[in-house]
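Participant: Whatever this is, show me its structure:
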Amino acid sequence: MTTTHVIAAAAAGFGGIAAGAVITRSARRCFGVGLQLALTIASCVVVAALLALRFHHSAYLAPLLLFGWAGVVISGVDLRTHLIPTRLLRAAAAVSVPLMCAAAAIEGGLAGMARACAAAALGGCAGWAMLHFVWLGAKGGLGYGDVRLAGYLGMHLGLGGLALVLRGLLIGFAIAALVGAVGVVVLRRGTDYRFALGPSLVAGALATVWWFMPPALTG
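Facilitator: Residues are numbered from 1 along each chain as shown. Sure thing, here's the model as predicted:
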């Protein structure tokens with residue numbers, strides 16, 4: 001690990017502390033959800049440090065940090081309410097899009113920005129479509145907030161190609177299946193237990209970004 005890695009992780013960690021404090025306050029103020037301050041800050045710091053270690057040399061670090069921190073608040077709200085507010089996803093997307101465009105312009109000029117915008121739009125549509133079909137088949141077993149979330153996640157994963165969108169969602173469902181199995185076998189929850197899918201989808205997307213985002217994107 002180089003000095004650059006350490007500095008980037010430390011800077012992102014301090015940013016994570018600030019982000020965690022803001023997220024906790026915003027969740028209570030905007031959505032009436034009380035998140036644990038220490039846990040939220042710790043989650044933001046860990047996400048920021050890991051992303052900084054992986055993408056410290058890329059202009060895409062800024063939108064990916066926002067992506068990670070937005071995932072923390074989305075997961076926290078979903079766990080507490082079993083809802084993913086549409087206005088939360090809209091707000092996250094409204095900030096993410098300009099950051100992604102700026103990062104793409106820095107990395108590849110106007111042509112790079114055009115390619116990134118097209119890839120993000122295609123990825124978002126693909127993510128939404130995939131979960132929409134699942135939602136249709138689930139017949140009430142899946143909230144439409146998860147479908148919208150898949151579109152938001154796909155917008156970021158799409159920067160690495162449509163295969164990355166599919167991989168991210170599949171990993172998210174695998175995590176959900178594992179968590180559900182632990183709940184049934186270890187915690188003795190019934191099969192009708194109300195399960196928040198959002199955190200697993202977010203975790204799957206972040207894991208996919210970390211392990212599989214192509215080098216061409218990260219610089």
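Participant: top helix in this protein by residue count?
Facilitator: helix 86-138 (DSSP state H).
Participant: What is it packed up against?
Facilitator: Helices and strands touching helix 86-138, by 3 or more Cβ pairs under 8 Å, 6 or more residues apart in numbering; DSSP states H and E, are helix 3-31, helix 61-81, helix 144-157, helix 162-185. Using the backbone N, CA and C atoms, a C-beta is placed for each residue, glycine as well.
Participant: Could you rerun that using 6 Å?
Facilitator: helix 61-81, helix 144-157, helix 162-185 (3 or more Cβ pairs under 6 Å, 6 or more residues apart in numbering; DSSP states H and E).
Participant: Now the element after the last one, going C-ward?
Facilitator: When you say that, I think you mean helix 162-185. helix 198-212 (DSSP states H and E).
Participant: neighbours around Val22, how many?
Facilitator: By the criterion of other Cβ atoms under 10 Å, Val22 has 14 neighbours.
Participant: gap between it and Leu66?
Facilitator: Remark: distance between Val22 and Leu66 (Cβ to Cβ, to the nearest Å) = 12 Å.
Participant: same deal with Thr86?
Facilitator: As for Thr86, its distance to Leu66 is 18 Å (criterion: Cβ to Cβ).
Participant: Next: Pro98.
Facilitator: As judged by Cβ to Cβ, Pro98 and Leu66 stand 10 Å apart.
Participant: where does Gly32 fall, phi/psi-wise?
Facilitator: When read as degrees, to the nearest 10, the backbone of Gly32 gives phi 70, psi 30.
Participant: Got the confidence number for it?
Facilitator: Gly32 carries a pLDDT value of 88.
Participant: One more: Val95?
Facilitator: Per-residue pLDDT puts Val95 at 93.
Participant: what sits against it?
Facilitator: Val95 makes contact with Leu66, according to Cβ atoms under 6 Å, 6 or more residues apart in numbering.
Participant: So, low pLDDT: which residues of the protein?
Facilitator: By pLDDT under 70, the low-scoring segments of the chain are 1-9, 187-193, 214-219.
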